[in-house]
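Peer 1: fold the following for me, if possible:
(2 chains)
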Number of protein chains: 2
Amino acid sequence: MELSAMNAVASQMKVRIAKSALVDAVLQVLKAVSSKTTIPILTGIKVSTDQEGMTLTGSNSDITISVRIPKQVDDKEQVIVEKTGDIVLPGRIFGDIVRKLPGEQVDLMVNDRFQTIICSGQAKFQLNGLDPEEYPRLPKLPREQEFTMPADLLKSIIRQTVFAVATNEARGVLTGVQWQLEDGILTCVATDSHRLSRRQVQVEGSEDLRLKNVVIPGKSMNELAKTLADSSGYVDMIVSDNQILVKNKHLEFYSRLLEGVYPDTNRVIPKNGETVLVTSTKELLQSVERASLITREGRDNVIKWTINDGKVQVTSTAQDIGSVMEQVNAEVTGPDLSISFNARYMMEALRSFDCESIRIQFTGMMTPFIIQPATEDDSLHLIVPIRTR
Amino acid sequence: MELSAMNAVASQMKVRIAKSALVDAVLQVLKAVSSKTTIPILTGIKVSTDQEGMTLTGSNSDITISVRIPKQVDDKEQVIVEKTGDIVLPGRIFGDIVRKLPGEQVDLMVNDRFQTIICSGQAKFQLNGLDPEEYPRLPKLPREQEFTMPADLLKSIIRQTVFAVATNEARGVLTGVQWQLEDGILTCVATDSHRLSRRQVQVEGSEDLRLKNVVIPGKSMNELAKTLADSSGYVDMIVSDNQILVKNKHLEFYSRLLEGVYPDTNRVIPKNGETVLVTSTKELLQSVERASLITREGRDNVIKWTINDGKVQVTSTAQDIGSVMEQVNAEVTGPDLSISFNARYMMEALRSFDCESIRIQFTGMMTPFIIQPATEDDSLHLIVPIRTR
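Peer 2: Numbering: from 1, shown residues only, chains lettered A, B, ... in the order given. Okay, here's the model as predicted:
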């Protein structure tokens, strides 16, 4: 690979890069770039080149994603640096351009008025860049509060908790997922005060670390799950007072933390059930989905379970539309029970389980009930019932 | 298959039907059902059962789709009719329900207050229906003006013309595709007055039929293409004064026609080019797509071609953003030329071609130019250039 094709004018940055690596990195950092931001420089992607490769960074007021493209990966040359430097390029347009470039290689050259030439194949773009000095610096987090877990486990924690956060921004800490670490056990909790999700996992090698009131915005959690979608292996989590950094070999994901004290949720979770139900996750979910078809137009999307020996009868009725009735076989112990609740909460909880059968414990028709895998206690969903006539 | 499971109360309709056939038919007719209509009965699907099977119908003010489910298909029993009858069921909810039903069979029973019971597997729905007498009757079209063509050809005609219709409803006949039939040649034209698409096909056995001012709404054309997506074989087209019916064995698609006289477009199409360009459809399209990345934010999305011996130079510039320049190899005959135009019109035209190379004929920088397959004349796109500084 030679750079001879590039213009010899004095430049602030001059680099040749493999298109596929550039496309992957740009698509990753674009997840953090919003075109609606009120801070113009944040509509851009920061491109930094040093002797060892290139780093792309995208950010909004909540999250920052930074991706490293090293010079070489597995003996394959990815970046040839002729001159190091920095530039901020308009994010969305730069992303559209690199995806559509015709060649396998991309030549990038920046001159001293932030004008950037992008050449690939027979196409030559000239983009007006922005001053990289204006781009916010990444925070340096002290690595005192650090622990490690598999990326797949982190994604599963997010998937099983984040749907229960409050979506109304006015609800403060409840729009986030609370992380607590004590005695090597990480407990993640989300609740909008009508339902609650909790997942607990053992985190090896963190017995001395204690985290109490770390609350990560639900939106950041969703973006993190997307960002890690194709990642396997381990990720490091570094927690500071107001930021969390999740990183692996080539990726850094920063999120702000929410201020405020997360409520103590332990006391709302009932310890034992009077009526206990064990049944197929899939069959129960499908019956709730069908019942919800009738009621989902309504404000509360209420469906009713009538639980007695050997079965759950699922019913729902909506005036003007009609009604539905269905039976699901179940192992039931304890007294018969009728209970009404929001079908959406139940569907979201049941969909988050990977297990074939689930156990539901009730303490009465007006008190919260909990849903767990039939044979494990590490994940839990709680739903507050609805009073009906 | 027995109906013994069904309730024996006197009913207005009683039928058992294979779920897969019902799901397919409901999804087809739902394409014509809008939940936003001001005519309540049209939010419903009409279900009609006779001794030979079932017919479902959905309609809005523009199109009507009717699907027939015959009693038997290939020796497979699809509908068992115990009592014939009609009912109108809420369209979207009925569609959601049948898709989610647990069993292979669906029992449908209507009582005399339009209440409808839907049973499948262990699920039992009760839906409030509407009076089928209130549902509009399908028009009976005289079969005098009728011709036939392969469904695939019809879909290709739609795909190659409909994108050029005017999208502003105020533009009357220009929001439709004009169909003309003369001497066995069907000519379909769409134009929004800035660009024009025309497709001509030979229609066998229609030499005696002459159609002059048949204008089908663009939206109906798009819905028709979707409705026929999985259809092969032949379709019959039946044209009346204010309706067109497209039908095959189990499907009827009605559309209203637009009123008003479609302009004569023949005179705007230049007969010969002075500068003629022949090149790869794909390479030219990709260069226009890249150039458009820079200008598409602007009002006119203008790009410029500079055509001379052996090549087209594609350029575009947007203030504040940047510029792009690219060369595409081409066979050029006639004088050099510079011409500017709307990149979107060019992309839509080029994407509609199936051929590998295309021929573009220019008569000057301010006059319309035409794009055709390099070796055929049956399809044509015309674009009006844009005056630039």
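Peer 1: show me what contacts A:Asn213?
Peer 2: Counting by Cβ atoms under 8 Å, 6 or more residues apart in numbering or on different chains, A:Asn213 touches A:Gln178, A:Gln180, A:Val261, A:Tyr262. In this view, the C-beta of every residue, glycine as well, is placed from N, C-alpha and C.
Peer 1: quick check: the farthest pair among the residues you listed?
Peer 2: Farthest pair in these (Cβ to Cβ) is A:Gln180 and A:Val261. Separation: 12.4 Å.
Peer 1: neighbour count winner among the two?
Peer 2: Between A:Gln180 and A:Val261, counted using other Cβ atoms under 10 Å in any protein chain shown, A:Gln180 has the larger neighbour count: 17 against 11.
Peer 1: okay, and the beta partners of that one?
Peer 2: Taking DSSP bridges, one obtains A:Thr187 as the residues bridged to A:Gln180.
Peer 1: can I see the domain layout of chain A?
Peer 2: As assigned by automatic domain parsing, chain A contains the domains A:13-134, A:146-180+A:203-264, A:269-383.
Peer 1: dump these to a markdown table, plus mean pLDDT and distance to B:Met221.
Peer 2: As requested, the domains of chain A are arranged in a markdown table below (pLDDT from 0 to 100; distance: least, Cβ to Cβ, whole Å):
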| stretch | mean pLDDT | distance to B:Met221 |
| --- | --- | --- |
| domain A:13-134 | 95 | 30 |
| domain A:146-180+A:203-264 | 94 | 37 |
| domain A:269-383 | 94 | 32 |
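Peer 1: got the residues of the stretch 201-350 of chain A near chain B?
Peer 2: Contact residues (Cβ under 8 Å from any Cβ of the partner chain) of the stretch 201-350 of chain A with chain B: A:286-287, A:289-290, A:293-294, A:320-328.
Peer 1: could you dump stretch A:337-344 to PDB, C-alpha only?
Peer 2: Written as PDB, here are the backbone C-alpha positions of stretch A:337-344 (Å, rounded to 0.1, in the frame of the first residue of the first chain):
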ATOM      1  CA  LEU A 337     -56.900 -16.800  43.800                       C
ATOM      2  CA  SER A 338     -58.200 -14.200  41.400                       C
ATOM      3  CA  ILE A 339     -55.900 -11.400  40.400                       C
ATOM      4  CA  SER A 340     -55.900  -8.600  37.800                       C
ATOM      5  CA  PHE A 341     -52.800  -6.800  36.300                       C
ATOM      6  CA  ASN A 342     -51.400  -4.900  33.400                       C
ATOM      7  CA  ALA A 343     -50.900  -7.400  30.500                       C
ATOM      8  CA  ARG A 344     -47.900  -5.500  29.100                       C
END
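Peer 1: buried residues, that stretch. List them.
Peer 2: Neighbour-count burial for stretch A:337-344 flags A:Leu337, A:Ile339, A:Ser340, A:Phe341, A:Asn342, A:Ala343, A:Arg344 (criterion: 16 or more other Cβ atoms under 10 Å in any protein chain shown).
Peer 1: which of these sit farthest apart?
Peer 2: So, these by Cβ to Cβ: farthest apart are A:Leu337 and A:Arg344, at 21.2 Å.
Peer 1: is A:Lys36 in a helix, a strand, or coil?
Peer 2: When classified by DSSP: H, G, I helix; E, B strand; the rest coil, A:Lys36 comes out as coil.
Peer 1: check contacts around it.
Peer 2: Taking Cβ under 8 Å, 6+ apart, one finds nothing in contact with A:Lys36.
Peer 1: buried subset of the residues of the stretch 201-350 of chain A next to chain B as a ChimeraX selection?
Peer 2: Buried members of those, defined by 16+ other Cβ under 10 Å, are picked up in ChimeraX with:
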select /A:286,287,289,290,293,294,321,322,323,324,325,326,327,328
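Peer 1: so which of the residues of the stretch 201-350 of chain A next to chain B are in helices?
Peer 2: A:Gln286, A:Ser287, A:Glu289, A:Arg290, A:Leu293, A:Ile294 (DSSP state H).
Peer 1: nearest to B:Asn128 among the buried residues of stretch A:337-344?
Peer 2: Nearest to B:Asn128 out of the buried residues of stretch A:337-344 is A:Ala343 (Cβ to Cβ; 19.8 Å).
Peer 1: my guess is the closest one contacts A:Lys304. True?
Peer 2: No: with contact defined as Cβ atoms under 8 Å, A:Ala343 does not reach A:Lys304; the gap is 9.9 Å.
Peer 1: any shared contact partners between the two?
Peer 2: In contact with both A:Ala343 and A:Lys304: A:Ser316, using Cβ under 8 Å, 6+ apart.
Peer 1: mind listing what the residue nearest the centre of chain A touches?
Peer 2: Nearest residue to the geometric centre of chain A (Cα atoms, centre = their mean): A:Asn222, 2.2 Å. The contact partners of A:Asn222, by Cβ under 8 Å, 6+ apart, come to A:Ile158, A:Val162.
Peer 1: repeat the analysis, applying 6 Å as the threshold.
Peer 2: By Cβ atoms under 6 Å, 6 or more residues apart in numbering or on different chains, the residues touching A:Asn222 are A:Val162.
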